[in-house]
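Asker: below: sequence and its predicted model.
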Amino acid sequence: MDPMDIVGKSKEDASLPKATMTKIIKEMLPPDVRVARDAQDLLIECCVEFINLVSSESNDVCNKEDKRTIAPEHVLKALQVLGFGEYIEEVYAAYEQHKYETMQDTQRSVKWNSGAQMTEEEAAAEQQRMFAEARARMNGGVSVPQPEHPETDQRSPQS
């Protein structure tokens, strides 16, 4: 493959994060095995070429179906066409796991965000407290007494 075949970019522009790839390589090997820097670089280049190959074939599959967006099924079909059919089951399982983890992260995020919100009563009490503070500042530091809400007002009144 010519270096400029990668959508108008040079090989230096199309790469994977070296630290991440090195970590992946080391995780896949026994702890007593060392990998020469040249071998790491070669593995990274192979990964880039593999991604380019699968992306290109996925795009061809997508175009044949008159679609404009490459979907997971296009990638799976591309793997089959390229002779990697034996990996499809494992790739699909990894894809399903990714979807599940993404869904879990989204649910955790929603729970965290909704847990941080106040009830309507708490918001109204907080708003009244803030109005009282603003009035006090405008009246030269003279505090105007407000009804107490022990569950929301943690601070002692200022005079």
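Answerer: Yep, it's here. Numbers count the residues shown, from 1 in each chain.

Asker: host element of the residue most central in space within the chain?
Answerer: Most central in the chain under CA atoms, centre = their mean is T102, positioned 8.1 Å from the mean C-alpha point. Here T102 is covered by helix 88-115, with elements defined by DSSP states H and E.

Asker: past that helix, which element shows up next along the chain?
Answerer: Past helix 88-115, the next helix or strand by DSSP H and E is helix 120-138.

Asker: and that following helix, how far out from the chain's middle?
Answerer: 38 Å (CA atoms, centre = their mean, to the nearest Å).

Asker: what about Q128, distance to C46?
Answerer: Distance of Q128 to C46, computed by CB to CB, to the nearest Å: 65 Å. Yep, even glycine has a C-beta here, placed from its N, CA and C like the rest.

Asker: what of L82?
Answerer: 14 Å.

Asker: what about these two, which has more around it?
Answerer: Counted by other CB atoms under 10 Å, L82 and C46 do not tie: L82 has more neighbours, with 14 against 10.

Asker: quick check: that one touching V54?
Answerer: Yes. Taking contacts as CB atoms under 8 Å, L82 lies within contact range of V54: 6.8 Å.

Asker: in this structure, where is pLDDT below threshold?
Answerer: 1-13, 109-116, 140-159 (pLDDT under 70).

Asker: what does stretch 89-109 contact?
Answerer: P72, V75, L76, L79 (CB atoms under 8 Å, 6 or more residues apart in numbering).

Asker: one more time with 7 Å
Answerer: P72, L76, L79 (CB atoms under 7 Å, 6 or more residues apart in numbering).

Asker: now do the closest residue to the first one other than its chain neighbours against V75, distance only.
Answerer: Read that as P72. In this structure, P72 finds its nearest non-sequential neighbour in Y95, 5.7 Å apart by CB to CB, 6 or more residues apart in numbering. Distance of Y95 to V75, given as CB to CB: 8 Å.
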